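K.L.:
What shape does this take:
(4 chains)
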2 protein chains.
Amino acid sequence: MDLHDDHARCKALGRVLDRIGDKWTVMVVGALSKGPVRFNALMRLIDGVSHRMLTLTLRGLEQDGLVKRTVYPTVPPKVEYQLTEVGRSLIEPLSALTLWAQTNLPAIEAARITNEDVESAETI
Amino acid sequence: MDLHDDHARCKALGRVLDRIGDKWTVMVVGALSKGPVRFNALMRLIDGVSHRMLTLTLRGLEQDGLVKRTVYPTVPPKVEYQLTEVGRSLIEPLSALTLWAQTNLPAIEAARITNEDVESAETI
DNA sequence: CAGCATCCCGGGAGATACTG
DNA sequence: CAGTATCTCCCGGGATGCTG
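P.N.:
Next up is the predicted model:
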């Protein structure tokens, strides 16, 4: 397939990356890929996320119909998050990217460091 | 495949999204997927990108070894950009995501609008 | 336990103008 | 044609503290 071929394709991809390209969204999707998870459990699962950002990320995903929020009116309150059908369907393409990431990240980070060195050597 | 399974996978994916999740990178990769393209041609291909941001994006991709920069010492100068082997390998997983985007974007944007409406209705 | 409101900072990104 | 430099604005996102 050819990304350049169809401009509409790039646009669609752009929109999706605007959506999932933020700092936490994919982590949340990953954490929910097993099944429903409660709010605080998510916080523990996703290393480094703040209370606030987890809330915002979940709200966004919920609004876009990728995540379903279920409230159990108990005391204390219990809220579960789970992927919707659409949300689950995202796992597969994301997995392809993850595989690529695992394969190529070492080369990329090596290149980055090498070129940084070249750069600073030039500036001397 | 299961994203949650392996924490390292999520990390790798996170790094990659930090890299390609910005506003212009995927557009550039898409525009270069056909073959070498000159700087100004890229600007015309990628709608809305500024001179500056295109430069920065290309520098980033070059530094990470995803793009190769070739200068022809002519007058006026001619500079071509092309994907490296690693860069080209990114097209495939990106295509999977693009396909997903085309398929699911309508549903997502519909859900977004619906939920916006619900939201504002609740605030009345 | 879950979630919202407020404050605040750094960096992403546009506009513009200058150079080889 | 290709690239750099500066100035500026805006908002993503962290910290913190309050409610039901």
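K.L.:
Now for A:Ala41, how many residues are close by?
P.N.:
13 (other C-beta atoms under 10 Å in any protein chain shown). Using the backbone N, CA and C atoms, a C-beta is placed for each residue, glycine as well.
K.L.:
all helices of chain A, in order?
P.N.:
Counting by DSSP state H, one finds helices in chain A at the ranges A:7-20, A:25-32, A:39-45, A:51-63, A:85-89, A:91-123.
K.L.:
Now render those as JSON lines, adding mean pLDDT.
P.N.:
As requested, the helices of chain A are arranged in JSON lines below (pLDDT from 0 to 100):
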{"stretch": "helix A:7-20", "mean pLDDT": "87"}
{"stretch": "helix A:25-32", "mean pLDDT": "95"}
{"stretch": "helix A:39-45", "mean pLDDT": "95"}
{"stretch": "helix A:51-63", "mean pLDDT": "96"}
{"stretch": "helix A:85-89", "mean pLDDT": "97"}
{"stretch": "helix A:91-123", "mean pLDDT": "86"}
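K.L.:
who wins for proximity to B:Leu54 among those?
P.N.:
Nearest to B:Leu54 among the helices of chain A is helix A:7-20; the distance by C-beta to C-beta comes to 14.8 Å.
K.L.:
rewinding a little: pipe the helices of chain A into JSON lines and attach distance to B:Arg15 per row.
P.N.:
Listed next are those as JSON lines, based on distance: least, C-beta to C-beta, whole Å:
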{"stretch": "helix A:7-20", "distance to B:Arg15": "15"}
{"stretch": "helix A:25-32", "distance to B:Arg15": "11"}
{"stretch": "helix A:39-45", "distance to B:Arg15": "18"}
{"stretch": "helix A:51-63", "distance to B:Arg15": "18"}
{"stretch": "helix A:85-89", "distance to B:Arg15": "23"}
{"stretch": "helix A:91-123", "distance to B:Arg15": "6"}
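K.L.:
could I get those helices as JSON lines with distance to DNA strand D?
P.N.:
Formatted as JSON lines, the entries for the helices of chain A read as follows, by distance: least, C-beta to the nearest atom of the strand, whole Å:
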{"stretch": "helix A:7-20", "distance to DNA strand D": "9"}
{"stretch": "helix A:25-32", "distance to DNA strand D": "8"}
{"stretch": "helix A:39-45", "distance to DNA strand D": "10"}
{"stretch": "helix A:51-63", "distance to DNA strand D": "4"}
{"stretch": "helix A:85-89", "distance to DNA strand D": "19"}
{"stretch": "helix A:91-123", "distance to DNA strand D": "10"}
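K.L.:
which of those helices sits most buried?
P.N.:
Compared across the helices of chain A, helix A:25-32 shows the largest average neighbour count, a mean of 24 (mean count of other C-beta atoms under 10 Å in any protein chain shown).
K.L.:
Is there proximity between it and DNA strand C?
P.N.:
No: in this structure, helix A:25-32 remains apart from DNA strand C according to C-beta under 7 Å from any atom of the strand; the gap is never smaller than 11.8 Å.
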